[in-house]
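J.: Predicted model and sequence below, questions to follow.
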Amino acid sequence: AMKHTNPQVEQMTSFIVMDVLERANELQKQGIDIIHLEVGEPDFDVPACVAEAAKAAYDRHLTHYTHSLGDPELRREIAAFYLREYGVTVDPDCIVVTSGSSPSILLALMLLCNPDSEVILSNPGYACYRNFVLATQAKPVLVPLSKEYLQYDIEAIRKCVNPHTAAIFINSPMNPTGMLLDEKFLKDVAALGVPVISDEIYHGLVYEGRAHSILEYTDQAFVLNGFSKRFAMTGLRLGYLIAPKSCMRSLQKLQQNLFICASSVAQQAGIAALRQAEPDVERMKLVYDERRRYMIARLREMGFEIKVEPQGAFYIFADARKFTTDSYRFAFDVLEHAHVGITPGVDFGTGGEGYVRFSYANSLENIREGLDRISQYLSRCGF
């Protein structure tokens, strides 16, 4: 083996949901029918207008490099979208378009972090954030969510802020909990005087209340967003980062060197999505909401505890402590014996132990079948 690999990489965890998915696929190859409630991916096809725009981009030979920050027309559309959606004025030159929102996370952290830096993250939280922080040589500082309601705790965050704090990472609606951050929290976190990185990728998939952008409360923030979840464009890999003007030249240098630019074809598809796909988003949202309500009711019936109903995204983070203290083993048992994929809570950090995440990005018919199977499995186990 190579002697001198980066110790930061050694500390990284695998993305457990991908391990579950890969095992599920092995079982499927053996002819076993698996219901997927583990994956955070819309089950819808891209809106027709998006597919048309992508095809047209090839026909028009729009297959060359774009401006490193992104096609100016797409950036203008994103700015117009932020004005419509949040009443916030964004300069199109303060946007960098990336291949999905993941490169945006990397760009923001590379810009802000040095080896002495600390980045405040929630525990539980999206598994990859911690690994991105490690990849940029910084130190993840994990702050527990409030026990009762799985909400960010501003006091706990405030206690962790020190001169090494490079950023506070927030995500709303949140993966895995589906919780929305309220205005008071956003105002308070914006007032801490530390750059806030706000992952707004699930905006647009909100069923109760309204999603607010951090940019409504401060312009000294970094917004991550993209097209994967709202417009069901996961494989097109299109996202963007909105950043303060003073940071744009540095971000552009990073983008030019690391990524050159996002896909020219995906960017054309993105323009169409912002201009024409809102009716499709509304349609998908109604379907998600119906599944959400059904799944909450069924899980509660089965003995999973859901303290607060998720308001956005397409996940339910359910307390499974009635059934297990080891969410990893529980998830793999459910997969092997009930043939349903679910995500162990521990994938999202130690604070997620005892929970499991169910995704309702699947048809109502499949969700019903999957929950029937889990219900039968639990009665076989004596619950």
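T.: Structure's in. What do you need?

J.: can you pull the contacts of residue 113?
T.: By Cβ atoms under 8 Å, 6 or more residues apart in numbering, the residues touching residue 113 are 119, 133, 136-138, 166-167. For the C-beta atoms, the positions are set from N, CA and C on the backbone; glycine is no exception.

J.: Quick check: PyMOL command selecting the buried ones in those residues.
T.: In PyMOL, the members of the contacts of residue 113 classed as buried (16 or more other Cβ atoms under 10 Å) are selected with the following command:
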select buried, resi 119+133+136+138+166+167
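
J.: Among the contacts of residue 113, which one sits closest to residue 363?
T.: Within the contacts of residue 113, the smallest distance to residue 363 is 35.9 Å, found for residue 133 (Cβ to Cβ).

J.: And the contacts of the helix or strand harbouring that closest one?
T.: Following DSSP states H and E, one finds residue 133 within helix 127-135. Counting by Cβ under 8 Å, 6+ apart, the neighbours of helix 127-135 from elsewhere in the structure are 8-9, 11-13, 15-17, 102, 105-106, 109, 113, 119, 121, 139-140, 142, 169, 171, 347-349.

J.: Can you flag the buried ones in those?
T.: Among the contacts of helix 127-135, those classed as buried by 16+ other Cβ under 10 Å are 8, 12, 16-17, 102, 105-106, 109, 113, 119, 121, 139-140, 142, 169, 171, 347-349.

J.: where do the helices sit along the protein?
T.: Using DSSP state H, the helices of the chain run over residues 7-10, 16-29, 48-59, 72-86, 101-112, 127-135, 154-160, 183-190, 248-258, 264-276, 278-302, 327-333, 364-380.

J.: pLDDT below threshold where in the protein?
T.: When residues are selected by pLDDT under 70, those of the chain lie in 1-3.

J.: okay, which residue of it is out on the far edge from center?
T.: When distances to the mean C-alpha position of the chain are computed (Cα atoms, centre = their mean), the maximum falls on residue 382, with 35.3 Å.

J.: any idea how far that one is from residue 322?
T.: Separation of residue 382 from residue 322 (Cβ to Cβ, to the nearest Å): 12 Å.

J.: can you check residue 211 too?
T.: Spatial separation of residue 211 from residue 322 under the definition Cβ to Cβ is 32 Å.

J.: try residue 105
T.: Here the distance between residue 105 and residue 322 works out to 35 Å (Cβ to Cβ).

J.: How about residue 346?
T.: Distance, residue 346 to residue 322, by Cβ to Cβ: 17 Å.

J.: same check, this time on residue 14
T.: 28 Å.

J.: And for residue 126?
T.: Taking Cβ to Cβ as the criterion, residue 126 is separated from residue 322 by 26 Å.

J.: One more: residue 82?
T.: From residue 82 over to residue 322 the distance is 43 Å, taken as Cβ to Cβ.

J.: These two: which is more packed in?
T.: Looking at residue 82 and residue 322 with other Cβ atoms under 10 Å, you find the greater number of neighbours at residue 82, namely 21 against 12.

J.: Next up, the contacts around the more buried one.
T.: Residues in contact with residue 82 (Cβ under 8 Å, 6+ apart) are 88-90, 213, 215, 242.

J.: just these now: which is nearest residue 287?
T.: Nearest to residue 287 out of the contacts of residue 82 is residue 213 (Cβ to Cβ; 24.7 Å).

J.: The closest one: neighbouring residues, count only.
T.: 21.

J.: shouldn't it be in contact with residue 223?
T.: Yes. In this structure, residue 213 is within contact of residue 223 by Cβ atoms under 8 Å, at 6.4 Å.

J.: where do the contact lists of the two overlap?
T.: Residues touching both residue 213 and residue 223 (Cβ under 8 Å, 6+ apart): 198, 200.

J.: Pretty sure residue 306 sits against residue 299.
T.: Yes. The pair formed by residue 306 and residue 299 meets the contact definition of Cβ under 8 Å, at 6.3 Å.

J.: More neighbours: which of the two?
T.: Residue environment comparison for residue 306 versus residue 299 gives the larger neighbour count to residue 299, 21 against 18, counting by other Cβ under 10 Å.

J.: The more buried one - nearest residue in space that isn't next to it in sequence?
T.: In space, and not counting its chain neighbours, residue 299 is closest to residue 318: 5.3 Å by Cβ to Cβ, 6 or more residues apart in numbering.

J.: can you check residue 371 too?
T.: The spatial neighbour of residue 371 that comes closest, neighbours along the chain excluded (Cβ to Cβ, 6+ apart), is residue 298 at 4.8 Å.

J.: okay, stretch 373-382 in PDB with CA atoms only?
T.: This file holds the C-alpha atoms of stretch 373-382, laid out as PDB (Å, rounded to 0.1, in the frame of the first residue of the first chain):
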ATOM      1  CA  ARG A 373     -43.000  -5.500   4.000                       C
ATOM      2  CA  ILE A 374     -41.400  -3.600   6.900                       C
ATOM      3  CA  SER A 375     -44.600  -4.000   8.900                       C
ATOM      4  CA  GLN A 376     -44.500  -7.800   8.400                       C
ATOM      5  CA  TYR A 377     -40.800  -8.000   9.100                       C
ATOM      6  CA  LEU A 378     -41.400  -6.200  12.500                       C
ATOM      7  CA  SER A 379     -44.200  -8.500  13.500                       C
ATOM      8  CA  ARG A 380     -42.000 -11.500  12.600                       C
ATOM      9  CA  CYS A 381     -39.400 -10.000  15.000                       C
ATOM     10  CA  GLY A 382     -42.000  -9.800  17.700                       C
END
